[in-house]
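**Q** Got a predicted structure plus its sequence, pasted below:
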Amino acid sequence: MITPCVFCKIVAGEIPSTRLYEDEDTLVFMDIAPIIQGHALVIPKRHYDPLTATPVPVLQALIAVIRAVAQAQTQALKADGINVMQANGAAAGQVVPHLHFHVIPRFNTDGHSWNWNPRSYSDPADMRQLADTIRQAWPQE
């Protein structure tokens, strides 16, 4: 990319970060605006965006690191649970256009709520129709 994004600048050391883990391809650092203290971000060092354009081997490596972060948060922080979040596109809430995963330790007493408002299909046939439409667009890899 021509102009590096904020995460590319963090990878390059141009913006300071509190790094938790780093290998040749992956960086884990603390989120400076945590939902819950201990909230970390897992990113590929190379710029990818969106998720659907990211090579499968990169995603496989990221999920292994995400698992390690979750294990460390659970043990070190005595977390009662872990949220792993990932958004693609502004409509989904993505702010930084560089593939990243939020790994958020959760505690029974943290008071955070996602304010999830479950909805339903008007008819089970509508759900099946939508599933058929999605299946027709399934990628052939």
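**A** Happy to help now that I have it.
**Q** Quick one: the strands in this structure, in order.
**A** Counting by DSSP state E, the segments of the chain that form strands are 19-22, 26-30, 40-44, 81-85, 101-106.
**Q** From start to finish, how long is stretch 117-127 in a straight line?
**A** Using Cα to Cα, to the nearest Å, the gap from the first to the last residue of stretch 117-127 comes to 18 Å.
**Q** And stretch 38-46, by the same measure?
**A** Length of stretch 38-46, first residue to last, Cα to Cα: 24 Å.
**Q** The chain should start at 33 in everything you say after this.
**A** Right, with 33 as the first residue, what we last looked at is stretch 70-78.
**Q** and it, how far from the chain's centre?
**A** 8 Å (Cα atoms, centre = their mean, to the nearest Å).
**Q** Which residues belonging to that stretch are considered buried?
**A** For stretch 70-78, a neighbour-count test (16 or more other Cβ atoms under 10 Å) marks 70, 71, 72, 73, 74, 75, 76, 77 as buried. Placement of C-beta: from N, CA and C, glycine included.
**Q** so who does the fifth one touch?
**A** So that's residue 74. Neighbouring residues of residue 74 by Cβ atoms under 8 Å, 6 or more residues apart in numbering: 58, 59, 60, 94, 97, 98, 101, 132, 133, 135.
**Q** For the closest residue to residue 44 other than its chain neighbours, list the residues it contacts.
**A** Leaving aside its sequence neighbours, residue 44 sits nearest to residue 36 (Cβ to Cβ, 6 or more residues apart in numbering; 6.8 Å). Contacts for residue 36 (Cβ under 8 Å, 6+ apart) come out as 44, 46, 79.
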